[in-house]
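Student: all I have is the shape, not the residue letters:
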């Protein structure tokens, strides 16, 4: 877990890195640290980057001689430090006081199945008590960055950009503020305007499942917005790591969005994902296909969006979602927002002895022969968005609505492909 101590550790240790490469990293005697080092050596996709990693490990062990018995936060900082030397996305450590931990453990649950029942008894299903938000610290204040569609916070009226002051009168913590409160109501004190008076909002605390919650949020995000005499559909892909996401998308396209004149596809996601052919639903040439059973039941096999569309991207658009953005842009779909995260390698999750999660890049990724890691995808129409005190305003969505209206008014209503 990255903390302010990590930055301090980096300042102390970076100047001490020796230029000479080491053939093998020393061990510290701390089971968690040493296991993280071994997993990197055994699985990291770019062995040529391990020289600097080994140097970082050596410096850490030399400058923290008591690492075998030192307290866990410092061990965590030491792991963060050596992982930072790899300078690669999909590489980090997460602990159970972080929302990211639960969401990523669920993403990697099949690879972690041997320990899932131990972590989440009795069935091994990832759940946590929460209200359906994500947050980020900006300049010493904590702001809601995401309110999951249809979740408790959404129903309560919390908004992206709200500054969280406290929960039930105590300092806010993503997980600890709601632990053991499922079935109860939490009072979230927020500030909606800079310098404004705090507002108390009551939100129901529920046991949330990341995988099921994201799929539900995608479905609940589908709406048709009346804008300048046009009916414009909107769909947000919170993530695409679940097998049910494609079906959820197609049900939305053939259901609530079917009569829309155009579509805004929101790729401002949490964890990316998306199969390599995800763009086929929007720009591919495959025909629509349904199957009708003997009893008359109709099953949708594949549906494709055939009307105009634009997409929204930002730094939350990462990994497979960046590949989807790249494919849309290559097929003439206008991208609006900010550059994507440039995090396009393949990651895998490993549990460390203290049950923290190590995410590690295990394969490089090339798209049309190009490497998007460190490069990302740029928008056609740049629109910055400072989330702080947004109070429900979304300039990137507003720009997408205006651009979609402009394209429709200009007669760009014909399908892009046969």
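Tutor: Nice, I can see it. What you see is a predicted model, and the numbers here were worked out from it, not measured in a lab.

Student: C-alpha only now, for contacts and for neighbours.
Tutor: Noted.

Student: where does this protein dip in pLDDT?
Tutor: Across the chain, residues meeting the criterion (pLDDT under 70) sit at 1-23, 285-291, 294, 296-302, 412-418.

Student: so which residues of it form helices?
Tutor: Along the chain, the segments classed as helices by DSSP state H run 4-13, 31-43, 50-63, 72-84, 99-107, 113-119, 152-156, 210-221, 244-254, 280-283, 320-330, 395-409.

Student: please identify the buried residues of the shortest one?
Tutor: It stands for helix 280-283. By 16 or more other Cα atoms under 10 Å, the buried positions in helix 280-283 come out as 280, 281, 282, 283.

Student: now, the most widely separated pair of those residues?
Tutor: Set against one another by Cα to Cα, those have their most distant pair in 281 and 283, with a gap of 6.2 Å.

Student: what's the overlap in contacts for these two?
Tutor: In the contact map built from Cα atoms under 8 Å, 6 or more residues apart in numbering, the residues linked to both residue 281 and residue 283 are 304, 305.

Student: show me the residue at the heart of the protein, geometrically.
Tutor: Closest to where the C-alpha atoms of the chain average out (Cα atoms, centre = their mean) is residue 270, at 1.9 Å.

Student: distance of it from residue 200?
Tutor: 27 Å (Cα to Cα, to the nearest Å).

Student: repeat that for residue 116.
Tutor: Remark: distance between residue 116 and residue 200 (Cα to Cα) = 37 Å.

Student: more neighbours: the two, which one.
Tutor: Using other Cα atoms under 10 Å as the criterion, residue 116 and residue 200 rank with residue 116 on top: 19 against 16.

Student: from what I can see the more buried one touches residue 124, true?
Tutor: Yes: here residue 116 lies in contact with residue 124, judged by Cα atoms under 8 Å, at a distance of 4.5 Å.

Student: contact partners for residue 123?
Tutor: Counting by Cα under 8 Å, 6+ apart, residue 123 touches 116, 117.

Student: and it, backbone torsions?
Tutor: The phi/psi pair for residue 123 (degrees, to the nearest 10) reads phi -90, psi -10.

Student: likewise for residue 194?
Tutor: Residue 194 has phi and psi values of phi -60, psi 120 when expressed as degrees, to the nearest 10.

Student: for it, grab the count of nearby residues.
Tutor: Using other Cα under 10 Å, the number of residues around residue 194 comes to 12.

Student: what of residue 342?
Tutor: 21.

Student: again with residue 142
Tutor: Burial of residue 142, expressed as a neighbour count using other Cα under 10 Å, amounts to 20.

Student: distance of it from residue 314?
Tutor: Relative to residue 314, residue 142 is positioned 20 Å away (criterion: Cα to Cα).

Student: what do you get for residue 295?
Tutor: Plainly put, residue 295 is 46 Å away from residue 314 if you go by Cα to Cα.

Student: tell me which of these two has more neighbours.
Tutor: A side-by-side neighbour count of residue 295 and residue 314, using other Cα under 10 Å, places residue 314 first with 26 against 6.

Student: leaving out the residues flanking it, which one is nearest to that one?
Tutor: Among residues not flanking residue 314 along the chain, residue 338 sits closest, at 4.4 Å (Cα to Cα, 6 or more residues apart in numbering).

Student: give the contact list for that neighbour.
Tutor: Each residue near residue 338 by Cα under 8 Å, 6+ apart is listed here: 313, 314, 315, 378, 379, 382, 383, 384.

Student: the residue nearest to the centre of the chain against residue 239, yeah?
Tutor: Yes: A contact is recorded between residue 270 and residue 239 when judged using Cα under 8 Å, the distance being 5.9 Å.

Student: returning to what we had before: deepest in the core, which of the helices of the chain is it.
Tutor: Of all these, helix 320-330 carries the top mean neighbour count, a mean of 24, counting by mean count of other Cα atoms under 10 Å.

Student: by contact count, what packs against that helix?
Tutor: The helices and strands touching helix 320-330, judged by 3 or more Cα pairs under 8 Å, 6 or more residues apart in numbering; DSSP states H and E, are strand 334-337.

Student: which residues touch the strand it packs on?
Tutor: Strand 334-337 is contacted by residues 309-314, 325, 328-329, 378-385, 396, 399-400 when judged by Cα under 8 Å, 6+ apart.
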